[in-house]
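[1] Pasting the sequence and the predicted coordinates here, then a few questions.
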Amino acid sequence: MTLEQLMFYGLGAVGIGSGLLVVTRRNPVMSALSLVLNFFCLAGLYLTLNAQFIAVIQIIVYAGAIMVLFLFVIMLLNLRDERALSDRLSARKIIGAGLAFGLLLQVLYILMSAADGFPQKDEALAVSTGTVEVIGVQLFTTFLFPFEITSLLLTAAIVGAVLLAKKKLD
Amino acid sequence: MVESVLQNLTYFVPETALVVTFCAVLLADVIFKGRPRIPWTIGLLGLIVAGVTAFQQTGLNRPVFDLMIVVDPFAVFFKVIVAATAILIYLMSLWSDEVKASARRMGEYAALLVSATLGMFLMAGATNLLMIVLALELTGLSSYVLSGYTKEASDSSEASLKYILFGAVSTGIMLYGISLLYGLTGATDLIGIRLALEGQAMTHTPMLLISSIMILAGFGYKISAVPFHFWTPDVYEGAPITVTAFLSVASKAAGFALMIRFLVSTATPSLGVDVMAVVQTFEWPKLIAIMSVLTMTLGNIVAIWQNNLKRLLAYSSIAHAGTMLMAVTVFSQNGVAAVLIYFVVYLFMNLGAFYLVMLVAGATGSEDIDSYKGLGHRAPLVGVSLVIFLISLTGLPPTAGFIGKLYVFSALLDAQWIWLAIVGALNSVISLYYYVRVIRNMYLRDPDSAPAPVVLTGAQTVLLMVFLVPTLVLGVYFAPLVDWAHASVALFGIR
Amino acid sequence: MDLLEPIIKIAVVLGALLTASAIVVLFDRKFSAYIQNRYGPNRVGPGGWMQSIADVVKLVMKEDIVPKAANRFVHDLAPMISITVALTTFAVIPFGDTIPLFGKEYNLIIADVNVGILYILAMTGMGVYGLTLAGWSSNNKYSLFGGLRSSAQLISYELSMGLSLIGVIMIAGTLQIDDIVRSQTGYWFGWIPQWNVISQPIGFITFFVASFAETNRLPFDLPEAEPELVGGYHTEYSGMKFGLFFLSEYANMIVSSALITALFLGGWHLPFAETWGLDPLVLALLKIGAFMFKMFIIISFYVVIRWTLPRFRYDQLMNLGWKVMLPVSIANVLATGVVMLWLTR
């Protein structure tokens, strides 16, 4: 068991565990913290794939900005604990969870049966494409247009957020 | 690098106009704080410029920005539809009570309509998975906020919240499907995907199936197909009526454009490749046929029970989406052209119906069907116009709606989808019931209490004519529209 | 796997940092005292210089009081997050040039990651959690206000902090902090060291101000202001958990000074030291000394400014962060880009 495999299994297990915690905790702040842990595990998994930039950006953007806003809202709204998980379950939710589980089984079956069809990890290629320089070059040449459109998207989002949140001043 | 960007920009003029308009509207809103008309006027001018320049792009057929988007007759058609819708909605907003009540936010309303239009322009031309996602998000974000525009009313905030939640989940599922598709094919542009799929001898068919269904879920949400339609009635009811009208026409048009382009580019074979080898791996037509049947039937049957005319029109728009999906099922030139024809027709009759509902709601304060009692005698012009729009929505001659349905059914019958055509015809009969209910209320019932008069000003009547005249004229003289639709679809090369 | 070298480095740095935090606490108190024309702690040890040890012993032996309705797990977690984030940021800061020991050259940086600056931004982003969770978990209105205000302040100034670093990255052309420090070791016109404080003055000022806000130091210390919020987010903390918060604030201060030194003041660069013809080991030690001296200057600035400027009001703080610092940082990026293009024309 190489260090890499150990890291993968460890991070994967913690990631899945924290994901389960997110949906089963009654206290919303605990759910949010479990989600932060999940994001850290994802960042670690990205690091095992030699994607350093994505890993750090995951922490900066997701765990460092988006989840802070989540926590902000939870604390401002002073959300109380939910009722226990067993109280919240209804027949509809159980059927929904069952369907999602069925989908998961199907996807797993497909992935297992096609396991030999996936390409092997090209170490040299992975190391050379995960760096910031390569991503930067691609972002500003091949993907310049989606980059600019994303800026428009963010502007529209800000305008929308201000519209929804601004209070009357008179 | 810079030269190629500048050269690409010459084919990007309509969208550039919209971007400039968006920024100008925002700046004008800040500079001219107390006068909401100025940002509105700037927005209107920008949309007209965008529409005209988009129309001038007919005849071009080239990829722009490294195959990110493409400018071809198909995209131009939908861009013109979206631009026309946006301009008409702008004009409608002048007389909308809900919009006027929040006149301070008019600048943001105008700006968001422009950004939604821009998103739809991009959706019409997107040929790269990345651009598809971005365009969907841009349109979606603007729509979420627009539907919550009258945020003081609780059902508007509820509509916005439901829209956001549903849109976020659907986009998430679609992104998952897209990532699986990228993993399968290694390409993000649609042509590359098709080439990769053809070359791979279909070894990963189950994976392709799952990713395709997930992507279809994303498209289905945008066009309100069953079973992804749950957001539509609540959002259409809660949003201000101008926004509802905009969403029901433009958003659906852009969604259909995207879906058709995606399906045709990835799922139909290039010339020279055996058709059956590709199509058999994934039975797109059957799946879409089932979706269309469910959509039409659910839309029509639930509409029967509605008492709120806005909600009824929402369900009827679901049914119309189902009818158009029937035409998409037929993967032929006739089928896709029928969708295009139907959209033009649908634009005028749907917008016209919403416009009248808005005016009547403004005068009487209610959108219930019961409040339409006796309207035909009180306001003859409104009554007659509404009758024409409702008959057109049903699909009866001599209105334009009949022409739309005619082309859809003829495409179905040409391709031997007899059972689907029969189901479609039955659904038209069902829809007749709830449309005629409104007509019956207008002419054959007396009003309950003292009714409010509905008087149209001159300008309002002119706008009504803009909707009414094409609905009538296109019912008899539709050759140019058919030619234009066929010309827009010819580039796909599907027989 | 050669783990011994990083472990020794970590042990040395951790020990030095924690000791330095204690010393800086004392330095803060003594220096503030002299500024305010009083003596400061002068009972414990000669001239009061063992006060920190007495404080640590006291805090360790104090009872750990947790409010009954507080969320115990998060209450314990918050100071841990604070101190961890403060200390791990130092992992990518080079505190000296290569040092020749036992025949080999050792890099004086724990982890020379190739996304060093991004790592720092990520860790400062994580620092918000310590304060926010502390404020929320105490089940106390004042703590909650302090926590929320502090996180709002921190995320507002995080933006200008990151943007002001972009100018530095543009000039150095790399995200690795060691390379950024090395890029400052040249000279303009033969005698002006190429420190980024000279080539990026606006970036330096914005980063300096932003780091005040990030470390919750006056004039940005509204989250813990006593007259306003009792104790802000650390009202309900006692004993060593309070000690950890206290320590983490000063550790943050030290790390910020180290960052400013490394990114803007040339790091361990001692101008013209290569021309003095010294033994390499002595030179390396001198460079570490230069780094520590520059850090010391910045820390003194922190203390002096604390007792010079009055506290910002919350709306003034937000105003400054969003309406002044952010546009200035963006303008700085633009100006740097324009000047760089013009110079390489």
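    Now that the structure is in, tell me what you want to look at.
[2] Can you show me the strands along chain B?
    Secondary structure of chain B (DSSP state E): strands located at B:62-64, B:69-71.
[3] An error on my part: the question was meant for the stretch 151-300 of chain C.
    Applying DSSP state E, counting those that start in this stretch to the stretch 151-300 of chain C gives strands spanning C:187-188, C:192-193.
[4] from the middle of its chain, how far away would the last one be?
    With CA atoms, centre = their mean, to the nearest Å as the basis, strand C:192-193 stands 25 Å off its chain's centre.
[5] Compute the mean per-residue pLDDT across that strand, please.
    Summarised as a single mean, pLDDT over strand C:192-193 is 84.
[6] So what touches it?
    C:Q184, C:T185, C:G186, C:Y187, C:I198, C:G266, C:H269, C:P271 (CB atoms under 8 Å, 6 or more residues apart in numbering or on different chains). For every residue, glycine as well, the C-beta is placed using N, CA and C.
[7] Tell me the buried residues in stretch B:223-243?
    B:223-226, B:228-229, B:231-243 (16 or more other CB atoms under 10 Å in any protein chain shown).
[8] Could you identify the buried members of the contacts of strand C:192-193?
    Buried members of the contacts of strand C:192-193, counted by 16+ other CB under 10 Å: C:Q184, C:T185, C:G266, C:H269.
[9] secondary structure element for residue 5?
    Answering for chain A, as no chain was given. Taking DSSP states H and E as the definition, A:Q5 sits inside helix A:3-24.
[10] Oops, wrong one, chain C.
    Short version, using DSSP H and E: C:E5 is in helix C:4-35.
[11] Now the closest residue to chain B within the stretch 151-300 of chain C: closest residue in space, sequence neighbours ignored.
    Going by CB to the nearest CB, chain B is nearest to C:M170 of the stretch 151-300 of chain C, at 18.5 Å. Of all residues not flanking C:M170 in the chain, C:T336 sits nearest, at 5.4 Å (CB to CB, 6 or more residues apart in numbering or on different chains).
[12] which residues sit against the helix or strand hosting the one you found?
    C:T336 belongs to helix C:326-343 when assigned by DSSP H and E. In this structure, residues lying in contact with helix C:326-343 by CB under 8 Å, 6+ apart are C:L159, C:S160, C:L163, C:S164, C:I166, C:G167, C:M170, C:I171, C:Q200, C:I202, C:G203, C:T206.
[13] Let me know the closest of those to A:F140.
    Lowest distance from A:F140 to these (CB to CB) belongs to C:M170, with 13.5 Å.
[14] what residues are up against that closest one?
    So C:M170 contacts C:V333, C:T336, C:G337, C:M340 (CB under 8 Å, 6+ apart).
[15] Then B:Y434?
    Listed by CB under 8 Å, 6+ apart, the contact partners of B:Y434 are B:N300, B:A303, B:I304, B:Q306, B:L312, B:S316.
[16] Return the subset of those lying in helices.
    Counting by DSSP state H, the contacts of B:Y434 place B:N300, B:A303, B:I304, B:L312, B:S316 in helices.
[17] And for the second one, the neighbour number?
    Other residues lying near B:A303 total 24 when counted by other CB atoms under 10 Å in any protein chain shown.
[18] Appreciated, that's everything.
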